[in-house]
Structures are given as C-alpha cells and as structure tokens.
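Participant: Here's my sequence, what's the structure:
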Amino acid sequence: MDYNISPGDMYKKGDVLASIYNVSTRDTEKPIESTQEEIKVIQDGIVINRCPSSSVHEEMKLFQIMRHTYTK
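Facilitator: The predicted model follows:
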C-alpha cells in the first residue's frame, strides 16, 4: 500500500488517498498496473489519521477523515 496523503493534509474531490496492490489480480502482460487499485475521495476534507502499516487486510480501517471542512 502506498499512501499519497498524510495526517493533517487537506484533499479535494477526486484526489487519490492511497494505492492498494492485490497480487491476486496480476496480469503477466501488465504486472504492476494490473495489481494496483486507487482509493479516491468523493468530497473535500482533511485526513485526521491513517493506518500506520503499509500491509493491510480486508475490512481494515485505512483512514480517519473529516469532511465538510471550511478554510478562511
């Protein structure tokens, strides 16, 4: 797992928070691209916390986020 954003960082709708790699979806013609899945956000917000490990399992909470934030 590759994180693209750190706690305290703001993000915009459509940004990629992280990329997950799943070897069970591997294609021999495109080995890296076929295993990668991006986690994109649907609303603006800020990252409060994230999972400290790059090794994640099914149904783990990866991020704690706050939506509907306002800046001056």
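
Participant: tell me the contacts of the residue most central in space within the chain?
Facilitator: When the chain is reduced to its mean C-alpha position, the nearest residue by Cα atoms, centre = their mean turns out to be residue 18, at 2.5 Å. Counting by Cβ atoms under 8 Å, 6 or more residues apart in numbering, residue 18 touches 1-5, 38-39, 62-63. Heads up, the C-betas are built off the backbone N, CA and C, glycines and all.

Participant: just the buried members of those?
Facilitator: Buried residues within the contacts of residue 18, defined by neighbour count using 16 or more other Cβ atoms under 10 Å: 3, 5, 39, 62-63.

Participant: hmm, back to that, columns pLDDT and secondary structure on top of the contacts of residue 18, output as a markdown table?
Facilitator: Listed next are the contacts of residue 18 as a markdown table, based on pLDDT from 0 to 100; DSSP: H, G, I helix; E, B strand; the rest coil:
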| residue | pLDDT | secondary structure |
| --- | --- | --- |
| 1 | 81 | coil |
| 2 | 87 | strand |
| 3 | 91 | strand |
| 4 | 92 | coil |
| 5 | 92 | coil |
| 38 | 89 | strand |
| 39 | 90 | strand |
| 62 | 87 | coil |
| 63 | 89 | strand |
